Structure formats: C-alpha cells, structure tokens
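[1] Structure of the sequence below:
(chains A and B)
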Amino acid sequence: MKPSNEARRLHPLTLVQRMIVSLPGLIFILLPVLRGSESTAWFNMAFAFAYAVAVLPWIVLYYVRFRYWITPSELIIHSGVLTRRKRNIPIERIQNIEIEQGPMQRMMRTAKVAVYTAGSASAEGVLEYVSLEEAREIRAVVREMQQEFSGSDTQNSVLSSLDEPLGQDASTVDADLDALFSMSPKRVVLAGVFRFSWLYMAGFFSLMQYVDPDPTVVFAWLAGDNFEEWSAIIEASPWIAGILVVGGAVSLGWLSGIAVTVNRYHRFRVRLLGDKLHREHGLMTLSEGTIPLRRIQAYIIRTNPLMKRFGWYRLELQTMGIDLKQKGFQVAAPLATMEEVEGIISSLGGMTVPSEWQPVSRLTVRRFIIRNAVALGVVIASVWWWWQGIIWGVALLPLIVLLAIFRYRNMGYSVSMGELAVRKGVFRKHVWLIPTPKIQTFSLTESFFQRRLDLSTVYVDTAGASPVSAADIVDLPEEAATRLIQGVYLEFNPD
Amino acid sequence: MEIPTDINAEPPNRASFEGLESLDRSIVRVWTIKTGLFSAILAIGVLVFDIMNFFESDRAVPFGVYPLLTLGVTLALSFWIPRLRYKYWGYDLRAQELLLVRGIFNRVHTIIPLRRIQHLDVSQDLFEREYDVAKLIIHTAGTRSSDVILPGLSLEVAERLRDEMKEFITDEAL
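    Here you go, the predicted model:
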C-alpha cells in the first residue's frame, strides 16, 4: 500500500460486528418483555421497534459515509451520519498507532486502529474496523513516512520485523530473546493476586440488581438437597453466616481481579525497537502499541506494603495524551522485581533508581499529627451532639501518630545527574523518577503555618502528571528547598 | 550528588517581593468591586433569610442585624483583601524564565521556563475592561501549570509581555 488520494472504506464485516454489538442494547430494552411482565410490555416493544428502525439504518449509513485517506502528509477521516466530521491528522503529529483486536475481531480477522496524537482528545482518529492486513499496512505506511520526515531510515529493518501477525505464538517469533520484559503466565496470575479491586465486585452486584434474581431460589440452588440443614445453621449462627458472606464477596472480588488481570496482561511483552518501546498483551482482546521513548515524561514505580513484602513492583511510564483511557500512564511492567524495573528504566532512558534518599524535615511528623488530630477533634465535636459514643474515636490518635512516622520515613528525594527522584506513600508507595529536561515548571510553596517553621513544599510539574497523586516534596527545610530548586533549575537551564 | 554551589542565576527570591514587578494599581479597584459585589449578594441572601423569619416570635436579635453585620464584615474584607493580594503579588520576566510570587496565606513561587510555554492568552473581563487592565494566561504542558494566570497587568504591559514571551514558544512536540 502506498499513500494515495484514493478514498478507503472500512472492512464490510464492520456492519456485522456493529450489529452484533448493538444486540445487547436491544435485549436490554426487551428484558421486561422477555421476563414476562405484562404492564409495560407494549411500551418496550414499541421502543425496541423504534430502536431497530433507527439503529440499523444508522449502522449502514455510518459505514457508507465513513471514508478515510492516507495522503503523503496527512491521515484524513470523514465520518458521521448527521453531523459530518472531517478530521485531518498530520502524519508527523501521530504519536502512537495502536492495533486492537477483541474476540470478535479475531474471528473475523479485522482490527481497530487507534491513532493517538499529543494533547487534545479531539485530534484522535479511530478506524473501527479495518482488516488486520490493512491495519498493519496503515501502521507501516505511517511509520515509513515519519521516518522520511525525520530523515533517517536506519530503523526500517528493525521495524519490518514488527510485521508479524498479531497474537501469533510468541515461540515462533524470535521468542522472548529480545524482550525487554515479558511475563510468564504464572507471573500474570500473581499480578492479579495482588490486584484486589472492589470495582469489579460493585459491577457484579449492580448487574445482579438489574437481573434481580430471587435470593431464595439462588440459595436453594446453591444448597441443593440440604436446604433445610443449611438454613438451620444460618439461623443458629448469624455472625458466622455474615462473615461467610463477606468472605465470599471478598474472594469474588479477588478472583475477578485475577481474571481481569489475566485477560489484560496475558503474554505481556515489551520490546525496545530503535527509539520506540513496543508493547503487546491480552488474552481475549489483543492490543499492541508503541511508545516513542522521547515521549516519556516520567517513570513511576508503584507498590504497596504487601507487594513490597514479596519484592514486587509495578512500573508505569508517564506520557502525554497517548492513551487517554489510561490517563497518560502506560504500564511498562505490571509486576516485576526491582532488578527488572531498574533494568527496564536504564535501558529506556539511562536513568537509575536512587539507593539513598534525602529526608524531609522531621517537623513534618508534628505537622501531620496536629493537622489530623484537629480534623479528628472537629469530627468528634460535631458528632458529639447526636451520639456521645463517638468519643471512642480518640482511639484513632495513636494510629495518626504511627501514620505520621511512617509517612515521614517513606518520604524522600534525591537529585542526581539529569534526574530528580521523589518517593512517598505509606499504603500506596510511589517513586517518581523525573528526567530534568522533561520538567515543565518549578514551584515552591509555603503555607501560613509552614512559613512559621521555615518549611517549604517543592513541586516540579511535568506533562501528563496525575493531579491526584503528585510528586510534591512536602515540608523541606526552606534552605534545602531553595537549594534543590536552584540545583535542578540550573541543570535544566545551564546558562 | 553535590548540588552546584556556584550559582550565578538568582535564587527564587523567597521572602521579599523586592526586585519584582508589582501589578497595575488599578487591579485593586477591580478586585474591590468584584468582592464588594459578592458581599452585596451575600448580604441580600441573608436579608431574604431575615425577612422570611420576620414574624418568628422568639427572635434573639432584632430585624436587620444579621444582614447589616454580614454587609459590614464582607465590605471590610473586600476593602482589605484586594490590597493584601496586590501587596503579595510580584512577577519578573527574566532572560530565560518568568518568575511569579504570590499569596497572602499560601505563598507560591513559580518558575516558568520560557521555552516551556505552549501558548499565551491575554484576557479581559467586563470590569477589567473598564479599568484597562488585563490578565495574561500562560499555558504549559504541565498538569497543575496548564494555565498559570498573571492578573492585573495594564493592557499595554500584558500585550508587551505576551509579545516578548511568544518569541520563545517552540513547536517541539511532547
């Protein structure tokens, strides 16, 4: 395939796929009818009819009106049924082309191509769906043209090795020899074990609520022949039954966490190809994508006390707007040892994880205790009017003290050639490695109370940084803070 | 690593606002009007509440005390706060960076390297237009500093700063 001015269309099987995808919506609408509640049946039938009349032609029209071009300088996409949208994406602005194949697409040998650019979400292009061959070709063409733009063709040989079928058995393609990091099935399951999440459970229960099964029926089905015996046991000891239910819910959340992780990170593999990081993973939905190394804004190593106990870490790459679903954080290793993490980081950007950390001021312990004790006091005082038992909340005080000490011990920073490292967190432990040239702005903040203690908070902003868990260095002695900013800024801007 | 000590760049000039440019004095008026309007609205709200409770038999304070008190306090604050804000605002455009220092309670010092600027806006709202002041909005790719606002510049200065700074905008992709 060569860039041309010829209009292209999506794969015809898109029609079939979109129709199949729209079916659950129809079933959703018809659910009351299917379950046989008479009163609203006619309404739902009419609604379903309207849905069919509107949606089916829309799918066809969408397909008919969707066209795209790959010209030597741009990717042009015209789409939309009622609102026509014409989108021109300059080739050199394309950061990342991701090819994704869900189970259905794998059966039909089609793929979704997502084109990501820096910054705004509106500048993105999605082709749902093209044939797998076409997807590969688009990627190859775009890369080739980007190479022409940058005036080098040294990587063509490396990149052509990428043109292997998506999801082909890893053993047939150059094995894991050149992989920077890959995960065995065992490791993937282990990653899931550490990934307990209430979210999937909440999803499960809201689904249950919609289906609304009769608890006694479910229970009878579970208990089988021993229905009477079981209910007698439960009535006899409600506490144990309660604990069992909670335990069941927790293990359900745990198992679903494992399932989701396995589905997402099955055969996870990252490889370094020229100046790009290539990543592929997935069980049901295969996805592969590339991250240009120069787009990496920061490296984030995460762990929690449990994972750390067993020596496991998770490495994320902070990027800007490559994949908005992941909030700018690309997982480079879902579960890895520190040696592996250090290996990946040093081969990506030549950075090192510091072994020694500078502490912040000890006064931070006192400040944390006072701040939280005051907050606790306010809560206790205000609830006191209604419920005097709240006074036992005072028992939380030692916990605050303990937390303050752990918080102080875990907070640290380190400046070395070309990088600023910040470490923080008691339960969610983070280490940020920020390459100095990637810093956007520098700031030094002193609150009213900090000023009285000569303390400052230092923060360097980076592109795509999380607004929630950010790498502030809190409560540094003011002199150290000023020196830190000066030192880092001088390295950032040597003249 | 030893942090370099032979620093010829100026430190981010912490405690004092000396050597920094201050804002245009007219911004005090704009801020006073804005906070004054806010306090009037607040007082009206309290007044409505007071009127609604006019016929309550067990009133602790006579009618009109709460609205007047609210008006008094907020008007006093809207006189003081803009002056304090003005006093604790400083900026300096240097060869390589823009330095901002501001805050009455929370003192924030920000260094924006000029080559990090993505784009610049000069904006004026209704009140600012009346007094010929403008704010300069500096956009960078950072998360917190995606739009840093430098308020209270005379329109002329704002436009001059913008024109000086826009020379540094690079089209270097992230």
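[2] Any regions of chain B where pLDDT drops low?
    Within chain B, the segments meeting pLDDT under 70 span B:1-16, B:171-174.
[3] and the residue of it most remote from its centre, which of the three is it?
    Going by C-alpha atoms, centre = their mean, the residue of chain B most distant from its centre is B:Ser57, 45.5 Å out. For B:Ser57, the secondary structure call by DSSP: H, G, I helix; E, B strand; the rest coil comes out as coil.
[4] cool, and A:Thr83?
    coil.
[5] contacting residues for the residue minimising distance to the centre of chain B?
    Centroid-nearest residue in chain B: B:Pro151, 5.3 Å away (criterion: C-alpha atoms, centre = their mean). When contacts are counted by C-beta atoms under 8 Å, 6 or more residues apart in numbering or on different chains, B:Pro151 touches B:Leu23, B:Ile27, B:Trp89, B:Val133, B:Lys135. Where C-beta positions appear, they are placed from N, C-alpha and C, glycine not excepted.
[6] how about stretch A:80-95: buried residues?
    A:Arg87, A:Ile89, A:Ile91, A:Arg93, A:Ile94, A:Gln95 (16 or more other C-beta atoms under 10 Å in any protein chain shown).
[7] ok, so what distance separates the closest residue to the third one other than its chain neighbours from chain B?
    Nearest residue to A:Ile91 in three dimensions, chain neighbours excluded: A:Met145, at 5.0 Å (C-beta to C-beta, 6 or more residues apart in numbering or on different chains). When distance is defined by C-beta to the nearest C-beta, to the nearest Å, A:Met145 is 16 Å away from chain B.
[8] State the helix or strand in which A:Met145 lies.
    helix A:132-150 (DSSP states H and E).
[9] repeat for A:Val468
    Applying DSSP H and E, one finds A:Val468 in no helix or strand.
[10] cool, and A:Phe227?
    With DSSP H and E as the test, A:Phe227 turns up in helix A:227-236.
[11] packing partners for that helix?
    helix A:215-223 (3 or more C-beta pairs under 8 Å, 6 or more residues apart in numbering or on different chains; DSSP states H and E).
[12] Confirm that B:Gly90 sits in a strand.
    Yes. Under three-state DSSP, B:Gly90 sits within a strand.
[13] ok, it to A:Ser443 distance?
    15 Å (C-beta to C-beta, to the nearest Å).
[14] what's the answer for A:Ser382, then?
    Distance from A:Ser382 to A:Ser443, by C-beta to C-beta: 35 Å.
[15] got it, and A:Val374?
    For A:Val374 relative to A:Ser443 (C-beta to C-beta), the value is 26 Å.
[16] contacts for stretch B:22-38?
    B:74-75, B:77-79, B:81-83, B:85-86, B:89-91, B:127-128, B:130-133, B:151-154, B:157.
[17] Go ahead and build a PyMOL selection from the buried members of those.
    The PyMOL selection below is limited to those of the contacts of stretch B:22-38 classed as buried (16+ other C-beta under 10 Å):
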select buried, chain B and resi 74+75+78+81+82+85+86+89+90+91+127+128+131+133+151+152+153+154+157
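[18] Now go through the contacts of stretch B:22-38 and say which are in helices.
    B:74-75, B:77-79, B:81-83, B:85-86, B:127-128, B:130-131, B:157 (DSSP state H).
[19] mind listing what's buried in stretch A:354-374?
    For stretch A:354-374, by 16+ other C-beta under 10 Å, it's A:Pro354, A:Trp357, A:Val360, A:Ser361, A:Thr364, A:Val365, A:Arg367, A:Phe368, A:Ile369, A:Asn372, A:Ala373.
[20] Make JSON lines from those residues and add pLDDT to it.
    Converted to JSON lines, the buried residues of stretch A:354-374 look like this (pLDDT from 0 to 100):
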{"residue": "A:Pro354", "pLDDT": "93"}
{"residue": "A:Trp357", "pLDDT": "95"}
{"residue": "A:Val360", "pLDDT": "95"}
{"residue": "A:Ser361", "pLDDT": "95"}
{"residue": "A:Thr364", "pLDDT": "96"}
{"residue": "A:Val365", "pLDDT": "96"}
{"residue": "A:Arg367", "pLDDT": "96"}
{"residue": "A:Phe368", "pLDDT": "96"}
{"residue": "A:Ile369", "pLDDT": "96"}
{"residue": "A:Asn372", "pLDDT": "95"}
{"residue": "A:Ala373", "pLDDT": "95"}
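[21] right, and out of the residues you listed, which lies closest to B:Asn106?
    A:Arg367 (14.4 Å; C-beta to C-beta).
[22] correct me, but that closest one touches A:Arg452?
    No. Between A:Arg367 and A:Arg452 there is no contact under C-beta atoms under 8 Å: 10.6 Å.
[23] now the contacts of B:Pro151 in TSV, with distance to A:Val394?
    Putting the contacts of B:Pro151 into TSV (distance: C-beta to C-beta, whole Å) gives the following:
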residue	distance to A:Val394
B:Leu23	48
B:Ile27	48
B:Trp89	43
B:Val133	52
B:Lys135	48
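[24] ok, those vs A:Thr303, which is closest?
    B:Trp89 (41.7 Å).
[25] Quick check: bridge partners of that closest one?
    Beta-bridge partners recorded for B:Trp89 (DSSP bridges): B:Arg102.
[26] and it, what does it touch?
    B:Phe17, B:Ser22, B:Leu23, B:Val101, B:Arg102, B:Pro151, B:Gly152.
[27] What is the burial count for the second one?
    In other words, B:Ser22. For B:Ser22, the count of nearby residues is 14 (other C-beta atoms under 10 Å in any protein chain shown).
[28] Tell me how far it lies from B:Val108.
    Taking C-beta to C-beta, one finds B:Ser22 at 16 Å from B:Val108.
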